[in-house]
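J.: Got a predicted model here, sequence first, then my questions.
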Amino acid sequence: MELSKIKKWIKPAINALPSKRELTILFIILLIYLFVMTPILNRWIYPLEYEEYIFNSAKQYNTDPYFIMAIIRVETKFDPEGRSRVGAQGLMQIMPETMDWAISYGNFSPSLKSYIHDPATNIQVGSWYISFLMKKFKGNKVAVAAAYNRGPTKVKGWLDKGIWDGTRKNSHQIPVKETRDYVERVTYYYDKYRTIYSDLAEKYNYKP
């Protein structure tokens, strides 16, 4: 194609473009739209319920509310009626033996067994258990996520024997696929919830 014919085709297309002023206005509008819509979209994709119970329990047991959110998201997607095939119950999928242990060592009333599906009760017990695991694994959230899924005894064994170093980077070393996948999901959602709902820390006066 001759150069003159190319210019003849391109020139009308260029002339049809909006002016620089119009393009600038459109660009500003687009930025505003993205600024407003992105948080809304993120909160729709990563919904949050029971935030007050989560922050109250997090403060009571000195643990991270965003980690609690991530556990709940992975366990039940905030469904208080969740029940697993092995008998775990409620939002945080508390096992019956974990509940018994919490009653024995966490000063919980035995009557709480009847309220395990109550969101406030379930979150309180689950948060206490996370706090216990955090102390046991010296604040290592990745190891705690693994222990919440597989049990602290198993995970401690992996760490003590050098099977896994307890890091997110080397989570592929975890010998059980279910736990490996669980850790990856919890750490992913932890990052998401901590970013998307960072404003709630101030609302509930939470200080990491």
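T.: Received, thanks. Numbering: from 1, shown residues only.
J.: gap between the closest residue to Ser171 other than its chain neighbours and Thr195?
T.: Using C-beta to C-beta, 6 or more residues apart in numbering and skipping residues adjacent in sequence, the residue nearest Ser171 is Val183, 5.0 Å away. Just so you know, the C-beta spots here come from the backbone N, C-alpha and C atoms, and that holds for glycine as well. Separation of Val183 from Thr195 (C-beta to C-beta, to the nearest Å) stands at 19 Å.
J.: Pop the domain breakdown of the chain in here.
T.: Here the domain assignment for the chain is 3-45, 51-203, based on automatic domain parsing.
J.: okay, the ones you listed, which one's buried deepest?
T.: Sort these by mean neighbour count, taking mean count of other C-beta atoms under 10 Å, and domain 51-203 sits at the top with a mean of 18.
J.: Could you pull up phi and psi at Tyr182?
T.: Taking degrees, to the nearest 10, you get phi -60, psi -50 for the backbone angles of Tyr182.
J.: Nearest spatial neighbour of it, chain-adjacent residues omitted?
T.: Leaving out its chain neighbours, the residue that sits closest to Tyr182 by C-beta to C-beta, 6+ apart is Asn149, at 4.2 Å.
J.: Please give me every residue in contact with the one you found.
T.: 178-179, 182-183 (C-beta atoms under 8 Å, 6 or more residues apart in numbering).
J.: of all these, which two lie farthest apart?
T.: Across the contacts of Asn149, the longest distance by C-beta to C-beta is 9.9 Å; it joins Glu178 and Val183.
J.: on that earlier part again, now tell me which of the domains of the chain the model trusts least on average.
T.: With a mean of 61, domain 3-45 has the lowest mean pLDDT of the domains of the chain.
J.: which other helices and strands contact the helix or strand where Glu202 lies?
T.: Assessed by DSSP states H and E, Glu202 sits inside helix 199-203. Here helix 199-203 touches no other helix or strand, going by 3 or more C-beta pairs under 8 Å, 6 or more residues apart in numbering; DSSP states H and E.
J.: can you rerun that using 10 Å?
T.: helix 51-60, helix 65-76 (3 or more C-beta pairs under 10 Å, 6 or more residues apart in numbering; DSSP states H and E).
J.: before we move on, back to that, including distance to Pro47, could the contacts of Asn149 go into JSON lines?
T.: JSON lines is the format used below for the contacts of Asn149 (distance: C-beta to C-beta, whole Å):
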{"residue": "Glu178", "distance to Pro47": "25"}
{"residue": "Thr179", "distance to Pro47": "25"}
{"residue": "Tyr182", "distance to Pro47": "20"}
{"residue": "Val183", "distance to Pro47": "22"}
